[in-house]
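# No sequence on hand, only this structure:
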């Protein structure tokens with residue numbers, strides 16, 4: 001039998017049609033689906049058809065996603081089911097604010113297995129798998145505000161609530177979006193002044209309404225690097241830059257204007273909040289000086305991605321674009337670090 005994942009006490013395998021009776025017995029317990037927003041299927045045959053139509057097609061693909069049966073190592077007993085799926089596959093992806101390359105984690109355990117740490121052990125392992133094997137930018141979960149047990153499990157696995165409760169159609173209780181990204185998984189550490197500076201800067205950028213993205217070393221941090229955080233770099237479009245520039249005026253150390261040094265030629269604004277340096281540059285007409293030549297940086301806001309940070313969501317330069325930027329500058333150690341963050345799905 002092919003085991004998809006193993007933990008200290010659990011194994012995961014693919015579902016088969018023979019699991020229909022076990023799934024029926026699991027979900028006929030009203031406590032299992034109480035916070036899920038759906039009812040159990042009618043009988044064992046209905047679950048068999050569900051496995052055939054909804055579960056088995058995942059296994060014919062090579063992307064590594066899927067629903068899996070949870071098996072207790074010591075007894076071989078069926079304990080429930082779990083899954084890692086593209087978050088965009090969720091019927092409530094838009095309402096929950098899920099993004100491309102987000103991976104949604106879900107699980108259900110029989111009631112006899114509650115209270116012994118199985119759920120936490122499972123979700124922690126699934127989060128690691130999502131980042132290391134599926135190339136997840138973020139791992140997300142949708143959980144009812146009333147499901148306190150699952151909320152505790154998600155928080156023990158490192159996920160944190162983002163945004164306000166969301167009322168989904170047909171549900172009596174609002175839902176919460178829980179998220180962890182790769183930088184939180186490896187443990188990016190921010191000092192208190194850095195946290196305050198980030199909150200203030202993000203607040204200013206959001207208030208201005210200007211599309212933006214974090215770039216440079218901090219973008220690397222948000223993608224999972226362990227580089228020391230020295231300052232905060234960001235890009236804003238030319239048409240929108242005057243608005244955040246106005247709001248940043250009390251913190252400005254270099255007014256928005258041309259900036260040229262041995263490495264760059266661009267439009268730049270420099271500021272400082274809580275002792276943390278901030279560089280906001282115009283994304284257009286930005287150049288690097290490479291081998292005596294003036295070369296366009298080639299960055300844009302078109303590929304930017306959402307990333308959770310503290311209790312917020314921020315915009316970050318895509319990993320591919322960040323790698324290209326570092327390659328252009330010849331920063332090959334950084335390139336190697338960033339390439340190591342690219343985890344390809346298991347084939």
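That came through, no problem. From a predicted model like this one, the values you see are computed outputs, not experimental measurements.

# Quick check: beta-bridge partners of the residue most central in space within the chain?
Closest residue to the average C-alpha location of the chain: residue 138 at 1.3 Å, with CA atoms, centre = their mean. Beta-bridge partners for residue 138, by DSSP bridges, are residue 102, residue 181.

# quick one: it and residue 319, what's the gap?
12 Å (CB to CB, to the nearest Å). For the C-beta atoms, the positions are set from N, CA and C on the backbone; glycine is no exception.

# for residue 152, same thing?
31 Å.

# More neighbours: which of the two?
residue 319 (24 against 12; other CB atoms under 10 Å).

# For that one, which non-adjacent residue is spatially closest?
residue 223 (5.0 Å; CB to CB, 6 or more residues apart in numbering).

# cool, and residue 289?
That would be residue 263: by CB to CB, 6+ apart, it lies 5.9 Å from residue 289.

# Residues touching whichever strand or helix holds residue 161, excluding its own?
If you go by DSSP states H and E, residue 161 is part of strand 160-166. For strand 160-166, the surrounding residues in contact (CB atoms under 8 Å, 6 or more residues apart in numbering) are 95-97, 145, 174-180, 184, 308, 311-313.

# make it 7 Å
95-97, 145, 174-180, 308, 311, 313 (CB atoms under 7 Å, 6 or more residues apart in numbering).

# Okay, now the sheet partners of it, with direction.
strand 175-181 (antiparallel).

# Which residue ranges of the stretch 101-250 of the chain form helices?
118-133, 148-156, 182-186, 192-208, 216-223, 242-247 (DSSP state H, counting those that start in this stretch).

# Now the weakest link among these, please, by mean pLDDT.
Across these, the stretch with the lowest average pLDDT is helix 182-186; it has a mean of 65.

# Might you report the residue contacts of the closest residue to residue 272 other than its chain neighbours?
Distances taken as CB to CB, 6+ apart place residue 253 nearest to residue 272, at 5.5 Å, with adjacent residues excluded. Shown in contact with residue 253 (CB under 7 Å, 6+ apart): 270-272.

# List the buried residues in stretch 101-111.
By neighbour count on 16 or more other CB atoms under 10 Å, the buried set for stretch 101-111 is 101-110.

# which of the residues you listed lies closest to residue 39?
residue 108 (14.0 Å; CB to CB).

# bridging residues for the closest residue to that closest one other than its chain neighbours?
Spatial nearest neighbour of residue 108, chain neighbours left out: residue 80 (4.8 Å); criterion: CB to CB, 6+ apart. For residue 80, the beta-bridge partners under DSSP bridges are residue 70, residue 109.

# State the distance from residue 80 to residue 114.
Distance from residue 80 to residue 114, by CB to CB: 10 Å.

# Who has more neighbours out of these two?
Counted by other CB under 10 Å, residue 80 and residue 114 do not tie: residue 80 has more neighbours, with 23 against 12.

# Flag the shaky bits of the chain, pLDDT-wise.
Under the criterion pLDDT under 70, the flagged ranges of the chain are 1, 37, 62, 183-188, 342-347.

# looking at this protein, which residue lies furthest from center?
Distance to centre of the chain, CA atoms, centre = their mean, peaks at residue 292 (39.3 Å).

# Contacts only, for it.
For residue 292, counting by CB under 7 Å, 6+ apart, there are no contacting residues.

# Repeat that for the one 10 residues further on.
Contacts for residue 302 were tallied using CB under 7 Å, 6+ apart; there are none.

# Provide the secondary structure category for it.
With DSSP: H, G, I helix; E, B strand; the rest coil as the basis, the three-state label of residue 302 is coil.

# any idea how far residue 324 is from it?
For residue 302, the distance to residue 324 - CB to CB - is 13 Å.

# got it, and residue 230?
Relative to residue 324, and taking CB to CB, residue 230 is found at 22 Å.

# and residue 99, what are its phi and psi?
When read as degrees, to the nearest 10, the backbone of residue 99 gives phi -120, psi 170.

# Quick check: it touching residue 308?
No: assessed by CB atoms under 7 Å, residue 99 is found out of contact with residue 308, at 10.4 Å.

# of the two, who's got more company?
The neighbour comparison of residue 99 against residue 308 (other CB under 10 Å) goes to residue 308, with 25 against 17.

# Just grab the bridge partners of the more buried one for me.
residue 313.

# wait, it sits on residue 179?
Yes: Residue 308 is in contact with residue 179 according to CB under 7 Å; the separation is 4.2 Å.

# shared neighbours, these two?
138, 160, 162.

# Just send those residues back as TSV, with distance to residue 18 too.
Formatted as TSV, these follow (distance: CB to CB, whole Å):
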residue	distance to residue 18
138	35
160	38
162	39
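
# Just send the buried residues of stretch 101-111 back as TSV, with distance to residue 57 too.
Shown next, in TSV, are the buried residues of stretch 101-111 (distance: CB to CB, whole Å):
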residue	distance to residue 57
101	21
102	21
103	18
104	17
105	20
106	17
107	20
108	20
109	24
110	25
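
# Residue 67 versus residue 105, what's the distance?
11 Å.

# on that earlier part again, can you pull the contacts of the residue nearest to residue 108?
Counted by CB under 7 Å, 6+ apart, residue 80 has contacts 26, 70, 107-110.

# let's go with 6 Å and repeat that
26, 70, 108-110 (CB atoms under 6 Å, 6 or more residues apart in numbering).
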